[in-house]
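Colleague: Test case, fold it:
(one chain, ligands or ions: 1)
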Amino acid sequence: MAKKSQGSHTVGLKCSVCGRFNYAIRKNRSNRKKIELRKYCKWCRKHTHHTEGKL
Ligand SMILES: [Zn+2]
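Modeller: Purely as a prediction, here's the structure:
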């Protein structure tokens, strides 16, 4: 049986340049907005735009 998750779930943050997942964050289910952040990408070796994506 699947583990019951309440309130929040985990999503990945994907680099928009190389397309790799670099971060996993917990997101509240009531927040429908797509998360977009500038984060450091170790593959691009610079700060890039990261967007939310399913892990
Ligand atoms: Zn990257």
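Colleague: Is Ser30 in a helix, a strand, or coil?
Modeller: Three states are possible here, and by DSSP: H, G, I helix; E, B strand; the rest coil the one that applies to Ser30 is coil.
Colleague: Let me fix that, I meant to ask about Leu37.
Modeller: Assigned with three-state DSSP, Leu37 falls in the strand class.
Colleague: Now name the helix or strand holding the nearest residue to it once chain neighbours are set aside.
Modeller: Excluding the flanking residues, the one nearest Leu37 by CB to CB, 6 or more residues apart in numbering is His50, at 5.1 Å. Backbone N, C-alpha and C define where each C-beta goes, glycine included. Using DSSP states H and E, the secondary-structure element containing His50 is strand 46-53.
Colleague: Can you point out the buried residues in that strand?
Modeller: Thr48, His50, Glu52 (16 or more other CB atoms under 10 Å).
Colleague: quick one: which of those residues is nearest Cys18?
Modeller: Checking the buried residues of strand 46-53 against Cys18 by CB to CB gives Thr48 as the nearest, at 7.9 Å.
Colleague: where does the closest one land on pLDDT?
Modeller: We note a pLDDT of 98 for Thr48 in this prediction.
Colleague: Hmm, it is touching Lys39, no?
Modeller: Yes: counting by CB atoms under 8 Å, Thr48 touches Lys39, with 7.1 Å between them.
Colleague: Please enumerate the shared neighbours of those two.
Modeller: Common contacts of Thr48 and Lys39, defined by CB atoms under 8 Å, 6 or more residues apart in numbering, comprise Cys15.
Colleague: quick revisit: in terms of secondary structure, what does the strand holding His50 contact?
Modeller: strand 8-15, strand 21-28, strand 36-41 (3 or more CB pairs under 8 Å, 6 or more residues apart in numbering; DSSP states H and E).
Colleague: For Cys41, give the beta-bridge partners.
Modeller: The residues listed as beta-bridge partners of Cys41 by DSSP bridges are Lys46.
Colleague: Show me which residues of this structure sit near the ion.
Modeller: The chain has residues Cys15, Val17, Cys18, Cys41, Trp43, Cys44 near the ion, with proximity defined as CB under 5 Å from the ion.
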